[in-house]
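*Asks:* sequence and predicted structure below; questions after.
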Amino acid sequence: MTIEAWLAGRAERGALGPQAERVAHLLARAPQFASYSSAREIAERAGVNVSTVVRTAQQLGFDGWPQLREALRALYLASVSSGDLPPGPASADPAAQTLRQDARNITMLNTPENLAAIRATAQAIKAARRTLIISSGSGAGPAHILSYLGTIAGHDIQLALGSSTSQVVHVARLEPGDCLITINIWRLTRTLRGLTRLARERGAVVSVLTDLRSSPLAEDADHLIVTPIEGLHAGPSLTAVVAAVQAVLSELADDGALRAFGDIQQMWQDLDLMDDQP
C-alpha cells in the first residue's frame, strides 16, 4: 500500500477540510521529510499553523502529531530497504543525499501503471493531429523538454505556458482526437484544472503528469502518470518528472523520428548554426 493510499483510507473516518488536505498532501509527497519532522516544520512547509497539523493527525485517527509521525515512519521504512535509505535531515552530504533520493524517486516511478500510461501517452501523441502541453510553475521545465524534443522527433507539439487567457486560446483550438498533456507539480491552479476539463469536453485525449494519484486532474485524464517529487528541502525534486518525460520521448523514437531528427540536423548544418561543426 502506498502512503497516499494509506492516508486516504484513514481520511475516510471524516472528511478533511482544505487546510488539513494540504497537510495530508505534504505527507504523501514527502514521507521521508515528514517522518523526521516536528509539527512546526510540517506546518511551515504546508503553509498552515501547528494546530492544523495536530487536528489533521486527530482526524486521521491519532492522538496527535507524534503518533501519526511514528506510524508514517514505520510505513515509510517498510517501503524501502534499509540500505537504500539516505541519512536523516542532518546529513553532512546534501549532494549525495539528493542523488540517492532522486534515484529512489525514479525507482518508485517505474510501476506497471505508470509504464502503461507513458506508452499510451506516446501513442496519443503519434495519433494526434496536434498535441498541446499546458503547465505552470515548476512543471514548465519538463514541459519545455517534452515539447522541444517531441517536435524535433517530427510531431506537432505546441507549448502554452503564457497567461491564462492565451492558454485558453490554445485549448479552444483543440479538436476530437487531438492530445492535451497537462503537467502539474505541487500546487494546482484553477486555470490548469479548468483547461484540462475543457480539453476533455472538446474531445481531446488527455494525459496528465502529476505528483498525486488523488489530484483533481485525474478526473479528466485518459492517462495518468504519477511521479514522486520528494526532495531534501522546501521545493520539490523534478528529477522523476523529467525521467517520465524522457520515457515518453523514448516511445516516440521510431524510424520516422530518426528521419525527422536527421532533417533538423541537416538544416542546422546548412545554415551554419553550430560553432562545433567542421
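*Replies:* Structure received.
*Asks:* list the buried ones in the helix or strand containing Gln19?
*Replies:* Here Gln19, judged by DSSP states H and E, is contained in helix 18-29. Using 16 or more other C-beta atoms under 10 Å as the test for burial, helix 18-29 gives 19-20, 22-29. (C-beta placed from N, C-alpha, C; glycine too.)
*Asks:* and the strands in the stretch 151-278 of the chain, which stretches?
*Replies:* Remark: strands assigned in the stretch 151-278 of the chain by DSSP state E, counting those that start in this stretch are 157-160, 179-184, 205-210, 223-226.
*Asks:* direction included, what does the second one pair against?
*Replies:* Read that as strand 179-184. strand 131-135 (parallel), strand 205-210 (parallel) (DSSP bridges).
*Asks:* with mean pLDDT, mean neighbour count and distance to Trp268 added, can I get those in a markdown table?
*Replies:* Output for the strands paired with strand 179-184, formatted as a markdown table (pLDDT from 0 to 100; neighbours: other C-beta atoms under 10 Å; distance: least, C-beta to C-beta, whole Å):
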| stretch | mean pLDDT | mean neighbour count | distance to Trp268 |
| --- | --- | --- | --- |
| strand 131-135 | 97 | 26 | 23 |
| strand 205-210 | 97 | 26 | 29 |
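*Asks:* could you point out which of the ones you listed sits nearest Arg100?
*Replies:* With C-beta to C-beta as the measure, strand 205-210 is the member of the strands paired with strand 179-184 nearest Arg100 (23.4 Å).
*Asks:* any weak-confidence spans in the stretch 1-150 of the chain?
*Replies:* Within the stretch 1-150 of the chain, the stretches with pLDDT under 70 are 1, 12-14, 80-92.
*Asks:* what are the boundaries of the helices in it?
*Replies:* 3-11, 18-29, 31-36, 39-46, 50-59, 65-79, 94-109, 112-127, 140-152 (DSSP state H, counting those that start in this stretch).
*Asks:* Glu201: which of the ones you listed is closest?
*Replies:* helix 112-127 (16.8 Å).
*Asks:* burial count for the closest residue to Ser136 other than its chain neighbours?
*Replies:* In this structure, Ser136 finds its nearest non-sequential neighbour in Thr189, 5.6 Å apart by C-beta to C-beta, 6 or more residues apart in numbering. As a burial measure, Thr189 scores 13 neighbours (other C-beta atoms under 10 Å).
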